[in-house]
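Asker: Make a model of this:
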Amino acid sequence: MAGASTGDGAAQSSGVKFATGGEGGGFVVYASAFVDAVKWANPKIGVKPLPTRGSLDNVPLLEAGTVDIGLVFGEMAQELFNPKSGTPTKLKVITVAYSSAGMFVVRADSRYRTIKDLVGRPVVWNGRGSGLALQGRYVMEGIGLDPEKDFEAIYTEQLVDGPVMILEGRASALWGAGNRWPGFVKIASDARGARFITPNDEQVTRIVDKYPFMRRISVPAARYPGQSDALLTVGSWSYVLARPNLDEALGYDLAAALHKAERIGNMFGVAESTAQNTLKALPRPDALHPGVERYFREAGLIK
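Answerer: Numbering: from 1, shown residues only. Presented below is the predicted three-dimensional model:
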């Protein structure tokens, strides 16, 4: 078992600033569960969630040191840690949040059944520059399509706008991702029902071959109202990242709290935030926060 943190002062902090997301997004749901899990495991840490627009806000807030930890979508994290040019980010991984299974949703009474059917149609990609829109771009480019050129691209100011546009018939499809993503739940809960559109098997292979950080994800049946079959798609891991130079002791204490919740089984809402998943999904070998790494070593999770 890992030893006690050497930095009790960090653990006793009355306010770890946690940049989350906006109404209608999966980050807000996850953040609430994260705060509850950490509070249950170590009430001294005191995580304070701060509503934001999601990754689009969280990355600059973290880089500026305005917040301590924050949620960042997988594709955006990959670009930060493995940039095409320049140096990798100085942000560090505290834990994976959840795997974000990307797919389209349409109304069940529509004629759209494949991605090809949506070409030329109005599609909501959520906020311009958002993690969701970036994921949609990676997936579409992986099968030879361009979100801007091959669809009538719609970008929204708020996450809650997209589902309304689908329900009112102002858009044909909405791109989304995550575990019981609120936008999908809203559309699937409508009396007209929802249909989910994912890449086919050949397209999934093309996507993961082109972008190895993405992976095949099976969304179990009944995850959403009216979803009778499992859905095969692609996605990536979203992360809880730490600002540069976040105190090592605080990273240690956060890792210890999450691992305690994992061992005891008190992981409702953060079930994928395990030590094993975090180690498997690191965007680069040196991405782990030093305090988290120290805890993992002392706990025998890495050598």
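Asker: Doesn't L56 lie inside a strand?
Answerer: No - assessed by DSSP: H, G, I helix; E, B strand; the rest coil, L56 does not belong to a strand; its assignment is helix.
Asker: residues near it, how many?
Answerer: 22 (other C-beta atoms under 10 Å). (Glycine included, C-beta is placed from N, CA and C.)
Asker: any idea of the pLDDT on M1?
Answerer: Note on M1: pLDDT of 47.
Asker: What segments of the stretch 151-300 of the chain are helices?
Answerer: Applying DSSP state H, counting those that start in this stretch to the stretch 151-300 of the chain gives helices spanning 161-167, 182-188, 201-210, 248-264, 275-280, 290-298.
Asker: Just put the ones you listed in CSV and tack on mean neighbour count.
Answerer: Formatted as CSV, the helices of the stretch 151-300 of the chain follow (neighbours: other C-beta atoms under 10 Å):
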stretch, mean neighbour count
helix 161-167, 22
helix 182-188, 22
helix 201-210, 15
helix 248-264, 23
helix 275-280, 17
helix 290-298, 21
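Asker: Adding mean pLDDT, write these out as TSV.
Answerer: Shown next, in TSV, are the helices of the stretch 151-300 of the chain (pLDDT from 0 to 100):
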stretch	mean pLDDT
helix 161-167	98
helix 182-188	96
helix 201-210	97
helix 248-264	97
helix 275-280	97
helix 290-298	98
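Asker: got these as a markdown table, with distance to V16 columns?
Answerer: Listed next are the helices of the stretch 151-300 of the chain as a markdown table, based on distance: least, C-beta to C-beta, whole Å:
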| stretch | distance to V16 |
| --- | --- |
| helix 161-167 | 31 |
| helix 182-188 | 25 |
| helix 201-210 | 35 |
| helix 248-264 | 7 |
| helix 275-280 | 18 |
| helix 290-298 | 13 |
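Asker: Which other helices and strands does the helix or strand where L61 lies contact?
Answerer: Element membership for L61 (DSSP states H and E) is helix 55-63. Contacts defined by 3 or more C-beta pairs under 8 Å, 6 or more residues apart in numbering; DSSP states H and E place helix 55-63 against strand 16-19, strand 69-72, helix 74-81, strand 231-242.
Asker: what about these, which gets the closest to P220?
Answerer: The closest of those to P220 is strand 231-242. By C-beta to C-beta, the value is 8.5 Å.
Asker: neighbouring strands for the closest one, and are they parallel or not?
Answerer: strand 69-72 (antiparallel), strand 92-107 (antiparallel), strand 215-219 (antiparallel) (DSSP bridges).
Asker: Show the average pLDDT along that strand.
Answerer: Taken as a whole, strand 231-242 has a mean pLDDT of 96.
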